[in-house]
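[1] Requesting a structural model of the entry that follows:
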Amino acid sequence: MDEDLRERLRAAAASHRPDRARMLARIERGTAQEPPARPARTPRAPMPWLRVAGAAVAVCGVLTAGAFAVTSAGQEEPADGQRAAAEPTSPGPASPSPGRGGALPAGKGPLWSDGSLNPNSNDYWAQSEVTVKTARPLSALTVELRIALTGGVNTTGAWRSLPAQDFAASAREEGGFLVYRWALKPGRSVPTGTHTFAGQYNHAEGARDTGRDDYTARARAAGEQTSVGGVFTDTR
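    Numbers count the residues shown, from 1 in each chain. Next up, the predicted model:
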């Protein structure tokens, strides 16, 4: 490069002076400007597996609610007040034995009674029934059903056709017998008509002899005390 060109470049560089004020003004304008707004993000659609999981949870909720409704419905008290005192381990409670018509065999005053083995009894389980018929309302009534403790006898439940809340009920072993007892509570009454009291129990395999089984029913009607009793007839 010749000397003349170098001199001209040095002169041009020396003569150049940056406009400081203009540069600062440009920087201030750039700083004052708002940054451009970012576009809003469009919500992403849920992953397919999340939709499937949500549907499964909803179905489970419906099935659970349905199961609860079915279970609740199965626990309702029967309309006629009959309900086993304990869950039977064999079929039960069985329907009462068919009536024989007319007056019941054992009777005294306004009270008659009958004892029978329910036809649904079998070689492993039985239901003994005491049927009480009264021609007058009763202000007191105690029914006692005694099952001899022969091989394998143990209670599986009990019921009565009259309202459960009207009676104090028990089932216990006493003196070689399984004793079911129903006692009318004070202030309650028994209406005229025919009423059933039943005890259910398991027993050893085979035909069970009911010869030692018996029952009693003691009542008061219009101030008069009366009682009846008897044994059990196998009606199968």
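
[2] Tell me where this protein has strands.
    106-108, 111-117, 125-134, 140-148, 154-160, 167-174, 177-184, 193-202, 214-221, 224-230, 233-234 (DSSP state E).

[3] Which helix or strand in the protein has the lowest average pLDDT?
    In the chain, no helix or strand scores lower on mean pLDDT, DSSP states H and E than helix 48-74, which sits at a mean of 36.

[4] and A11, which of the strands of the chain is closest to it?
    strand 154-160 (123.8 Å; Cβ to Cβ). Backbone N, C-alpha and C define where each C-beta goes, glycine included.

[5] and the angle from the closest one to strand 193-202?
    170 degrees (axes from the mean of the first three to the mean of the last three Cα atoms, to 10 degrees).

[6] so what does strand 154-160 touch, helix or strand wise?
    Applying 3 or more Cβ pairs under 8 Å, 6 or more residues apart in numbering; DSSP states H and E, one finds that strand 154-160 contacts strand 167-174, strand 177-184, strand 193-202.

[7] Which strands border the second one, and is each parallel or antiparallel?
    Strands that pair with strand 177-184, judged by DSSP bridges, come out as strand 140-148 (antiparallel), strand 167-174 (antiparallel).

[8] if you compare the ones you listed, which one is most tucked away?
    Across those, the average number of neighbours (mean count of other Cβ atoms under 10 Å) peaks for strand 140-148, which reaches a mean of 21.

[9] Averaged pLDDT, it. What do you get?
    Confidence for strand 140-148, expressed as mean pLDDT, is 98.

[10] Output it as CSV - backbone C-alpha positions only.
    These are the backbone C-alpha positions of strand 140-148, laid out as CSV (Å, rounded to 0.1, in the frame of the first residue of the first chain):
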residue,chain,number,x,y,z
ALA,A,140,-99.5,-60.9,78.8
LEU,A,141,-97.9,-63.8,76.9
THR,A,142,-94.9,-65.9,77.4
VAL,A,143,-94.1,-68.7,74.9
GLU,A,144,-91.4,-71.3,75.7
LEU,A,145,-90.1,-73.8,73.2
ARG,A,146,-87.8,-76.5,74.4
ILE,A,147,-85.6,-78.7,72.1
ALA,A,148,-83.8,-81.7,73.7
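
[11] In this structure G206 contacts D123, no?
    Yes - assessed by Cβ atoms under 8 Å, G206 is found in contact with D123 at 5.6 Å.

[12] Give the residues shared as contacts by those two.
    Applying Cβ atoms under 8 Å, 6 or more residues apart in numbering, one finds that no residue jointly contacts G206 and D123.
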